[in-house]
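Provide a 3D model corresponding to the input given below.
(4 chains)
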Number of protein chains: 4
Amino acid sequence: MKEVNEKDKVVIDKLLGIEDFKEIEVRVDDTDLMQVVHSNKYLNYFDDGFISFVQKLNKDCGALHKEGIVFPVRKVEIEYLRSATFGDKILIHTRVIKVGNTSITLAMDCYKNNKSKDTLLVKGTIVRLIMDMNNNNLIKITDFFRDFNQ
Amino acid sequence: MKEVNEKDKVVIDKLLGIEDFKEIEVRVDDTDLMQVVHSNKYLNYFDDGFISFVQKLNKDCGALHKEGIVFPVRKVEIEYLRSATFGDKILIHTRVIKVGNTSITLAMDCYKNNKSKDTLLVKGTIVRLIMDMNNNNLIKITDFFRDFNQ
Amino acid sequence: MKEVNEKDKVVIDKLLGIEDFKEIEVRVDDTDLMQVVHSNKYLNYFDDGFISFVQKLNKDCGALHKEGIVFPVRKVEIEYLRSATFGDKILIHTRVIKVGNTSITLAMDCYKNNKSKDTLLVKGTIVRLIMDMNNNNLIKITDFFRDFNQ
Amino acid sequence: MKEVNEKDKVVIDKLLGIEDFKEIEVRVDDTDLMQVVHSNKYLNYFDDGFISFVQKLNKDCGALHKEGIVFPVRKVEIEYLRSATFGDKILIHTRVIKVGNTSITLAMDCYKNNKSKDTLLVKGTIVRLIMDMNNNNLIKITDFFRDFNQ
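This is a model prediction of the structure:
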C-alpha cells in the first residue's frame, strides 16, 4: 500500500475502531432440503451487516443506491462451523480489518441468536469496493467515509 | 363446505377477526435488474406475514417446523400495483378471509413503509394447508388453532 | 377492450397460436426445509418459460434487457398441485391466452420431467407488461411483436 | 493428513485427474439492482458444477438426496473478477484439488459463455463434506467414490 496522508490516516483509524451488530430473522426460503440455511444466504446476511455498518456512519444505503452508489464484492471467504435454520435469529458482527485505497476489508461473523462464542455459525471476510454506477468509477474509501469523521 | 360444528364455529369466528402487521426490510438480493423487488419475493414476504400471524396466536413456527409441522401453499394470487426497492421497508398486512376444513385463505397486502392506502404495493390472496411431514397428513385448521381459543 | 385494427388482429391471432416448452433443472437452493421446491421459485420458472417463448419469436431477451426493455409482472395466479424437488427437471409449457393493448396474459403450466397430465405440478396464469426502462413507458404488445409476423 | 492406504491412494489419484464443465443460464432473479449477478448466486453455480461433477462419476445426486446423502459446504473462497448478467451463459469448470479424509476441495472457476481466459468471471475454491442425514455421520471421501474406480 502506498503512503497514506495524514487526513486519510485519521479516517482509517476511525474506521478500524468501528464495529456493528445487526440481527436478522432467517426466512423459510433461506433454507434448503438439508433443512438448514443454504451456504449462499450468508452473503445476504453479510449484505445486511455491511448496510447496517454503513448506516451507523450516517450513510443511507437506500438513498445511495438510488444515486447509483453501490458496494460490489471483490472477494469473500466463509468458513461454515455450525448450521442455522428457520426460526433462528442471526446476529451479524461486522468489523473493519483493512482499509485500502479503493477497497475495504471486513470481518463478518454470524452468531445464532446471541453473541456467546459457542454459537458462532460462520466466520467470514469480505472485500468490498464502492462504485459510482453513473460512470463505473471506484470511489476512494477515505473520501467516501471522510465526512463521518467529524 | 360441509356443516360446521359449534366448537369449530367459535374458532373460525375468532380467526376471521384476527389481523396482523409485520414489517420487514428489503434485501439487496430481493431486487433484480429492473432495480425493483422481483415478483417472486412477495411470496417470501407472505411467508413472513403468515409466520407473524401464527406467532400472534401463540404458535412458535420455528419449533413447529422442527416437529415437522409445515404450511404448504395450495394457491396464490398476486396483483402488483407499485414497485419497491432496496432501502424500503415493507409492511405486510395479513387477514383470514376463509377457514376451510384443511385449508385457510388469507388476504396478504403489502405496503411501502406505512399503512396509507396510496402506497399499496401488492394485493395478494393465499391458500395454505397445515401438514405434518412425519406422516404427510393434513391437519384440520380448527384443530390446529383450537387451543388459542382460550 | 377497444376495437382492434386489422394489422393488430393478425399479430394477435398469430400470438394466440404459439406455445413453447422449456425444460429447466431444479437447483438445490430452489428447495426449502419442506424438502421440495419453494412456492416462490415457480415465478422464476415462469420467467424462464416466458423468455424461451419470446426467444422463439426471434427476440433476444438478454439484448433487450441491455437496451432497457423489461417484462414486469402485473398479476399472477398459481395453483400448486404436486411438489417437485432437487433432481427433478421441470418442463414449462407457455401459451398466450389473451393479448391486451399493453398487457399479455399467458398460461404457465409446469410438469415434472415430461408432458403427461399426471405429473402436472402447478397451473399458472401470468399477466405481463412490456416496459422501456429508459422512459418508463409501456410498449404496445402488438407493436413489440409486429415484426415476428413476417 | 494421516497415512493413506494403497486402495485410497488409487481413488484419490483418479479424483485428482477429473475435471468437469457445466453450462447454466443466468436467471433474471440471479441479478440484483446493480444489474449484474449477485455475489451469492455463484454459490448456486458451484452447486450446479459440483452436482455435474458427481454425476460424471455415475452418482445420481437427486437419488442420493432422496436417500439423505448431502454435500454441505465447509469453506468457500471466491474472487470476483468480472460481472455477468441476465442473457449470459455461465460455464462452470470444476477440478478436484485436494482429497482429505472426510472433505474434498475443489477449484470452481466460472467463465462467461466460453472457456477463453479473458472471460473468467470468478475464481473459487470450495471445501465440501459428504454427510448422511439419517445419522448425521460424515462419509469418508474415498469410500463414497470407491466404486467409480472400476
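
C-alpha only now, for contacts and for neighbours.
Noted.

quickly note the distance from residue A:77 to residue C:51.
Computed as CA to CA, to the nearest Å, the residue A:77 to residue C:51 distance reads 34 Å.

please say which of those two ends up with more neighbours.
residue C:51 (23 against 20; other CA atoms under 10 Å in any protein chain shown).

mind checking pLDDT for residue A:117?
Here the pLDDT value assigned to residue A:117 is 62.

how about residue A:55, nearest residue that isn't a chain neighbour?
Computed as CA to CA, 6 or more residues apart in numbering or on different chains, the closest residue to residue A:55 that is not its neighbour in sequence is residue A:61, at 6.7 Å.

and residue A:120, by the same measure?
Distance criterion CA to CA, 6+ apart; nearest residue to residue A:120, sequence neighbours excluded, is residue A:111 at 4.5 Å.

assign a three-state SS to the one you found, would you?
Secondary structure state of residue A:111, per DSSP: H, G, I helix; E, B strand; the rest coil, is strand.

number of nearby residues for it?
23.

just the pLDDT for it.
Reported pLDDT for residue A:111: 96.

so what sits opposite it in the bridge?
Using DSSP bridges, the bridge partners assigned to residue A:111 are residue A:91, residue A:120.

from chain D, how far off is it?
Distance from residue A:111 to chain D, counting by CA to the nearest CA, to the nearest Å: 16 Å.

so who does that residue touch?
Listed by CA atoms under 8 Å, 6 or more residues apart in numbering or on different chains, the contact set of residue A:111 reads A:90-93, A:117, A:119-122.

the strands in chain A, which residues?
Under the criterion DSSP state E, chain A carries strands at the ranges A:19-25, A:69-70, A:73-80, A:89-99, A:103-112, A:120-129, A:131-132, A:137-138.

the first one pairs with which strands?
What it means is strand A:19-25. Partners of strand A:19-25 in its sheet, by DSSP bridges: strand A:89-99 (antiparallel).

give me every residue in chain A lying close to chain D.
A:34, A:39-41, A:43-44, A:70, A:73-81, A:133 (CA under 8 Å from any CA of the partner chain).

how about the residues of chain A by chain B?
By the rule CA under 8 Å from any CA, the part of chain A lying against chain B is A:27-29, A:44, A:47-48, A:61-63, A:65, A:86-88.

output those residues as a markdown table; include the columns neighbour count.
Shown next, in a markdown table, are the residues of chain A next to chain B (neighbours: other CA atoms under 10 Å in any protein chain shown):
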| residue | neighbour count |
| --- | --- |
| A:27 | 20 |
| A:28 | 24 |
| A:29 | 25 |
| A:44 | 18 |
| A:47 | 20 |
| A:48 | 21 |
| A:61 | 19 |
| A:62 | 19 |
| A:63 | 13 |
| A:65 | 20 |
| A:86 | 22 |
| A:87 | 19 |
| A:88 | 17 |
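
which among those gets closest to residue D:137?
Distance to residue D:137 across those (CA to CA) is lowest for residue A:86, with 22.3 Å.

which residues touch the closest one?
Residue A:86 makes contact with A:26-28, A:30-31, A:36-37, B:62, B:65, according to CA under 8 Å, 6+ apart.

dig out what the closest residue to residue A:79 other than its chain neighbours forms beta bridges with.
Distance criterion CA to CA, 6+ apart; nearest residue to residue A:79, sequence neighbours excluded, is residue D:75 at 4.4 Å. Residue D:75 has these beta-bridge partners by DSSP bridges: residue A:79, residue D:127.

gap between residue D:75 and residue A:104?
In terms of CA to CA, residue D:75 sits 22 Å off from residue A:104.

again, but for residue A:49
From residue A:49 to residue A:104 the distance is 14 Å (CA to CA).

can you check residue A:65 too?
Residue A:65 sits 18 Å away from residue A:104, going by CA to CA.

same check on residue A:26?
The value you get for residue A:26 to residue A:104, if CA to CA is used, is 27 Å.

same question for residue A:110.
Residue A:110 is 19 Å from residue A:104, where distance means CA to CA.

out of those two, which sits in the busier spot?
Applying other CA under 10 Å to residue A:110 and residue A:104 shows that residue A:110 carries more neighbours, namely 29 against 22.

what's near enough to touch the nearest residue in space to that one that is not next to it in sequence?
Spatial nearest neighbour of residue A:110, chain neighbours left out: residue A:92 (4.6 Å); criterion: CA to CA, 6+ apart. Listed by CA under 8 Å, 6+ apart, the contact set of residue A:92 reads A:20-24, A:45-46, A:49, A:108-111.

buried stuff in stretch A:74-94?
By neighbour count on 16 or more other CA atoms under 10 Å in any protein chain shown, the buried set for stretch A:74-94 is A:74-80, A:83-94.

is the residue nearest to residue A:55 in contact with residue A:54, as I believe?
Yes. Using CA atoms under 8 Å, residue A:61 is in contact with residue A:54, at 7.2 Å.

quick one on the thing from earlier: dump the contacts of residue A:86 into TSV; add distance to residue B:99 and pLDDT as well.
Output for these, formatted as TSV (distance: CA to CA, whole Å; pLDDT from 0 to 100):
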residue	distance to residue B:99	pLDDT
A:26	28	97
A:27	25	97
A:28	23	97
A:30	28	98
A:31	28	97
A:36	31	96
A:37	32	98
B:62	23	89
B:65	22	92
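
tell me the one among those residues nearest to chain C.
Chain C lies nearest to residue A:31 out of the contacts of residue A:86, by CA to the nearest CA, at 4.9 Å.

from memory the closest one sits against residue A:37, does it?
Yes. Look at residue A:31 against residue A:37 with CA under 8 Å: they come within range, at 4.1 Å.

need the overlap of contacts for the two.
A:85-86.

list, one by one, the residues from chain A near chain C.
A:28-36, A:38.

same thing but 10 Å
A:27-41, A:85-86 (CA under 10 Å from any CA of the partner chain).

for ChimeraX, what selects the buried ones among these?
In ChimeraX, this line selects whichever of the residues of chain A next to chain C come out buried by 16+ other CA under 10 Å:
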select /A:27,28,29,30,31,32,33,34,35,36,37,38,39,40,41,85,86
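
now do the contacts for the residue sitting nearest the centre point of chain A.
By CA atoms, centre = their mean, the mean C-alpha position of chain A lies nearest to residue A:50, the distance being 2.8 Å. Residue A:50 makes contact with A:20-22, A:44, A:56, A:61, A:71, A:92-96, A:106, A:108, A:126, A:128, according to CA atoms under 10 Å, 6 or more residues apart in numbering or on different chains.

distance of it from residue D:93?
Note on residue A:50: its distance to residue D:93, by CA to CA, is 30 Å.

related to what we said a few turns ago, the residue nearest to residue A:120 and chain B: what is the separation?
Noted for residue A:111: a distance of 17 Å to chain B, by CA to the nearest CA.

flag every buried residue along stretch A:123-134.
So for stretch A:123-134, counting by 16+ other CA under 10 Å, buried means A:123-132.

quick one: low-confidence parts of chain A?
Residues of chain A that meet the criterion pLDDT under 70 lie in A:1-3, A:114-118, A:148-150.

pull the longest helix from it.
Longest helix in chain A, counting residues (DSSP state H): helix A:41-56.

which residues sit in contact with the nearest residue to residue A:123 once chain neighbours are set aside?
Residue nearest to residue A:123 in three dimensions, not counting chain neighbours: residue A:109, with 4.6 Å by CA to CA, 6+ apart. Contact analysis of residue A:109 by CA under 10 Å, 6+ apart lists A:21, A:42, A:45-46, A:49, A:78-79, A:90-95, A:115, A:120-125.

quick one: residue A:109 from residue A:125, how far?
The value you get for residue A:109 to residue A:125, if CA to CA is used, is 8 Å.

ok, residue A:139 next?
Going from residue A:139 to residue A:125 by CA to CA gives 21 Å.

got the phi/psi numbers for residue A:83?
phi -100, psi 150 (degrees, to the nearest 10).

I'd say it and residue A:32 touch.
No. The pair residue A:83 / residue A:32 is not scored as a contact, 11.6 Å apart, by CA atoms under 10 Å.
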